[in-house]
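Undergrad: I'll drop the sequence and a predicted model, then ask my questions.
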Amino acid sequence: MRRTMSGGGGGAGALNMPPFEGAVRWLIIANVAVFIVQSLLQGFMPGGAAEFYRVFGLIPEELLRGKLWQVLTYAFLHGDVMHIFFNMLMLWMFGASMHSYFGKRQFYEFYYFCVFGSALVFTVMAFAGAFGLRPASPLVGASGGIFGLLIAFGVVYAESHVYLFPFPIAIKAKYLCGIWLGINVLLMIRNENPGSAIAHLGGAFFGYLYLKFLPRQGFGFSFSERWYAMRNAYHRYQRKQAMKKFKVYMREHDRGDYFDEHGNYKDPDSKKGNGEAGKGPWVN
């Protein structure tokens, strides 16, 4: 596929290929490197290849045995050459645009959020026995994260045109996104490779949640805002406690109440008549 960032109402514009850089490049390199290891094990140590899948692929029942890393590592394993080829092609095509939109740090955050969400949905469905899945059903592939990027591209660049290579046909991103989601819903309902379809839809769903319900800056901004809010609330609490203690002290020493309703200190000399004021208010 090729995409062009044209406007909503005009033509598709010139074809262009996205840049191969940043987080997208490193994710593709990591996936290809892991696939080479898989291939070497498959060729020279078939037993080792099977164990590699059991340790790093996602198997829901293995999560209960403590292999929690599988909710992320499964996304670096692939079944065959065509599987990794099309996944990496889509990661490049749609990931490059979202990398420009998010930036490197938030791109990683979004991608792994979708990978985790895909694993979570697949695991829940497996334990529920839905669509023929079982707790022993394995899952490998980066499709969950990639479908999260696809749904994000369809939302952020809804009016952009995507060429369906090798066909000279351009389609708006929002329609392409809808078509892919619809196909996966049909695959799931018809019980045709439902595990993959569920993983795809899970990644897309979590991608949509991220875009709609998290701040534009992502988790880091959300957590920092909550941290500062809690810190400021704590400081306000400290000031109120100090004010209460000071009021008690003033009453014990037969002094009046020098705080207004907002907790601000009132200058005691302000109550004196003309010529009675001291040297001025206390300053802090």
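TA: Done, it's in.

Undergrad: most centrally placed residue in the chain?
TA: The structure's the chain has its C-alpha centroid closest to F110; by CA atoms, centre = their mean the separation is 2.9 Å.

Undergrad: Pull the number of nearby residues for Q42.
TA: 15 (other CB atoms under 10 Å). Bear in mind the C-beta positions are built from the backbone N, C-alpha and C, glycine included.

Undergrad: what are the ranges of the helices in the stretch 151-284 of the chain?
TA: In the stretch 151-284 of the chain, the helices defined using DSSP state H, counting those that start in this stretch lie at 173-189, 194-213, 219-252.

Undergrad: Would you mark the buried spots in stretch 123-136?
TA: Residues of stretch 123-136 classed as buried: 123, 125-126, 131, 133 (neighbour count, 16 or more other CB atoms under 10 Å).

Undergrad: so M125 makes contact with G132?
TA: No - between M125 and G132 there is no contact, the gap being 9.8 Å when judged by CB atoms under 8 Å.

Undergrad: which strands and helices sit next to the host helix or strand of the residue nearest to the centre of the chain?
TA: Secondary structure from DSSP states H and E places F110 in helix 104-128. For helix 104-128, the packing partners by 3 or more CB pairs under 8 Å, 6 or more residues apart in numbering; DSSP states H and E come out as helix 22-44, helix 60-63, helix 70-73, helix 81-102, helix 143-156, helix 194-213, helix 219-252.

Undergrad: Just give me how far it sits from the chain centre.
TA: 8 Å (CA atoms, centre = their mean, to the nearest Å).

Undergrad: Find the nearest non-adjacent residue to V140, please.
TA: Once flanking residues are discounted, V140 sits nearest to L77: 3.9 Å by CB to CB, 6 or more residues apart in numbering.

Undergrad: So the one you found versus Q70, what's the distance?
TA: 10 Å (CB to CB, to the nearest Å).

Undergrad: Mutual contacts of the two, please.
TA: Common neighbours of L77 and Q70 are listed as 56-57 (criterion: CB atoms under 8 Å, 6 or more residues apart in numbering).

Undergrad: returning to that earlier point: what would the helices and strands packed on helix 104-128 look like in CSV with mean pLDDT?
TA: Converted to CSV, the helices and strands packed on helix 104-128 look like this (pLDDT from 0 to 100):
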stretch, mean pLDDT
helix 22-44, 96
helix 60-63, 96
helix 70-73, 97
helix 81-102, 95
helix 143-156, 96
helix 194-213, 95
helix 219-252, 65
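
Undergrad: Quick one, which of these gets closest to F52.
TA: helix 22-44 (5.7 Å; CB to CB).

Undergrad: Send over the closest one as PDB, restricted to the C-alpha atoms.
TA: What follows is helix 22-44 as a C-alpha-only set of coordinates in PDB (Å, rounded to 0.1, in the frame of the first residue of the first chain):
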ATOM      1  CA  GLY A  22      12.700   6.400  14.200                       C
ATOM      2  CA  ALA A  23      10.700   3.900  16.300                       C
ATOM      3  CA  VAL A  24       9.200   2.300  13.100                       C
ATOM      4  CA  ARG A  25      12.600   1.400  11.800                       C
ATOM      5  CA  TRP A  26      13.700  -0.100  15.100                       C
ATOM      6  CA  LEU A  27      10.500  -2.100  15.500                       C
ATOM      7  CA  ILE A  28      10.900  -3.600  12.100                       C
ATOM      8  CA  ILE A  29      14.600  -4.400  12.700                       C
ATOM      9  CA  ALA A  30      13.700  -6.100  16.000                       C
ATOM     10  CA  ASN A  31      10.900  -8.100  14.400                       C
ATOM     11  CA  VAL A  32      13.100  -9.200  11.500                       C
ATOM     12  CA  ALA A  33      15.900 -10.200  13.900                       C
ATOM     13  CA  VAL A  34      13.600 -12.300  16.000                       C
ATOM     14  CA  PHE A  35      12.200 -14.000  12.800                       C
ATOM     15  CA  ILE A  36      15.800 -14.800  11.700                       C
ATOM     16  CA  VAL A  37      16.400 -16.500  15.100                       C
ATOM     17  CA  GLN A  38      13.100 -18.400  14.700                       C
ATOM     18  CA  SER A  39      14.100 -19.500  11.300                       C
ATOM     19  CA  LEU A  40      17.500 -20.700  12.400                       C
ATOM     20  CA  LEU A  41      16.000 -22.600  15.300                       C
ATOM     21  CA  GLN A  42      13.300 -24.100  13.000                       C
ATOM     22  CA  GLY A  43      16.000 -25.300  10.500                       C
ATOM     23  CA  PHE A  44      18.600 -26.600  13.000                       C
END
